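Q: what follows is a predicted structure for the sequence shown.
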Amino acid sequence: MRFKLAALPLMLVATTAGAEEYNSFTNATYANTDYTYSISGSSGSTRNRGYDADDFNLGTTYFFGGKETLGPLKEFEYINKVSNVSGEFYHHNHDSDDIDSFSVGGEYFASNGIVVSAGIYDVWETNLDYQSIGYLFSPDLLVKLNHVDDDSDNEFSVEARYNYQLNSTDYVGFNLFVDEEFENRALSSKYFTHLAGEQYLTVEVAYNSIEKADDYWALGTEFFFNQRTSVEFNYDENENYHLGMTHFFNRNIAVEAAYLSNNDVSGDLDIYQLGLTVQL
């Protein structure tokens, strides 16, 4: 009896720190963009101009199997292997000019390793549909052939996703994208590590090379104080930076807040974001 009482706190900690499992994810995000800049007139005077826009995004994804967390409630395996369907609605308002768009799609993983997906996007006056077929060579390697049709052109691309497991928790993931003419090449990587206790860290890098355009790179990191609370920072080639935080009130509901700006743009650019996530 004395041993059981002594072991009880350890059992409670193990239960609290155990992985959670979810099937559906719903996100709602609101963003306000405020951009103020000055222009010079012919007489040498200056006038202030402004740009103010509101964006609302609502998306949901349902997985036909459990998605297990890696510790933090918002972190999951690098290569998804669960069939799913998704839908998203986006609304943009600027000076009474409204733009709505939506998308629906799905992804199916067969037992023999074949992966197929398809979806459609309706963005303003543009319709776009995509299809892909791939093969899961192992739980750590997925290769896909993608096709995109935007009513005016057909584009093919190849995408490969690889996960290198360092230990029971840490991994380094790589994603390679190349279009059919090798004009667009993108490589990204994500490092996920367990620091100590309930603390985790992610580091992400991305590099994109496009013919007749400047190369693009982006860096990002997120620190998890525990399973429920984290802060993140991102910075890219165009001197855009993003500072955000996420907090789960319980295992199902989280709020996100972020601030975005640009060091290189002429004028004052401020973007404020608020988000709500429901995981069930």
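A: Right, received. Where do you want to start?
Q: buried ones in whichever strand or helix holds residue 160?
A: Per DSSP states H and E: residue 160 is located in strand 154-165. Buried positions in strand 154-165, judged by neighbour count with 16 or more other CB atoms under 10 Å: 157, 159, 161-163. (Glycine included, C-beta is placed from N, CA and C.)
Q: contacting residues around that strand?
A: The contact list for strand 154-165, computed with CB atoms under 8 Å, 6 or more residues apart in numbering, reads 77-79, 132, 134, 139-149, 171-180, 184.
Q: same deal with stretch 269-280?
A: 22-35, 73-74, 244, 246, 251-262.
Q: buried members of those residues into ChimeraX, please.
A: Selecting only the buried entries of those in ChimeraX, with 16+ other CB under 10 Å as the criterion:
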select :22,25,27,29,31,33,35,73,74,244,246,254,256,258,260,262
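Q: confirm residue 63 sits in a strand?
A: Yes - under DSSP: H, G, I helix; E, B strand; the rest coil, residue 63 falls within a strand.
Q: that one: neighbouring residues, count only.
A: 18 (other CB atoms under 10 Å).
Q: returning to what we had before: are any of the contacts of strand 154-165 buried, and which?
A: 77-79, 132, 134, 140, 142-144, 146, 148, 171-173, 175, 177, 179, 184.
Q: strands - which of these land there?
A: Counted as lying in strands by DSSP state E, out of the buried ones among the contacts of strand 154-165, are 132, 134, 142-144, 146, 148, 171-173, 175, 177, 179, 184.
Q: could I get the residues you listed as a markdown table with distance to residue 107 and pLDDT?
A: Below are those laid out as a markdown table (distance: CB to CB, whole Å; pLDDT from 0 to 100):
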| residue | distance to residue 107 | pLDDT |
| --- | --- | --- |
| 132 | 8 | 98 |
| 134 | 10 | 98 |
| 142 | 11 | 98 |
| 143 | 15 | 98 |
| 144 | 10 | 98 |
| 146 | 12 | 97 |
| 148 | 16 | 94 |
| 171 | 21 | 98 |
| 172 | 24 | 98 |
| 173 | 18 | 98 |
| 175 | 16 | 98 |
| 177 | 17 | 98 |
| 179 | 21 | 94 |
| 184 | 22 | 93 |
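Q: make CSV out of those and add distance to residue 66.
A: Compiled in CSV, those are given as follows (distance: CB to CB, whole Å):
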residue, distance to residue 66
132, 24
134, 22
142, 19
143, 25
144, 23
146, 27
148, 31
171, 19
172, 25
173, 21
175, 24
177, 28
179, 35
184, 35
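Q: for residue 228, state which of those residues is nearest.
A: residue 171 (21.4 Å; CB to CB).
Q: quickly list what the closest one is bridged to.
A: For residue 171, the beta-bridge partners are residue 165, residue 192 (DSSP bridges).
Q: that one: what's it in contact with?
A: 78, 163-165, 191-192.
Q: do the same with residue 206
A: Residue 206 neighbours (CB under 8 Å, 6+ apart): 186-189, 216-219.
Q: what's the spacing between it and residue 192?
A: Using CB to CB, to the nearest Å, residue 206 is found at 16 Å from residue 192.
Q: hey, which helix or strand in this protein has the poorest pLDDT?
A: helix 2-16 (a mean of 38; mean pLDDT, DSSP states H and E).
Q: next SSE downstream of that one?
A: As assigned by DSSP H and E, the chain's next helix or strand after helix 2-16 is strand 21-40.
Q: now that following strand, how far from the chain's geometric center?
A: 13 Å (CA atoms, centre = their mean, to the nearest Å).
Q: so which of the contacts of residue 171 comes closest to residue 101?
A: Looking across those and measuring by CB to CB, the closest to residue 101 is residue 78, at 28.2 Å.
Q: what sits against that closest one?
A: Residue 78 neighbours (CB under 8 Å, 6+ apart): 161, 163, 171, 173, 190, 192.
Q: and it, what pLDDT?
A: pLDDT for residue 78: 98.
Q: do the same with residue 89
A: pLDDT, residue 89: 97.
Q: next: the one 10 residues further on.
A: Note on residue 99: pLDDT of 89.
Q: list the contacts of the closest residue to it other than its chain neighbours.
A: Excluding the flanking residues, the one nearest residue 99 by CB to CB, 6 or more residues apart in numbering is residue 92, at 4.3 Å. By CB under 8 Å, 6+ apart, the contact set of residue 92 is 53-55, 98-100.
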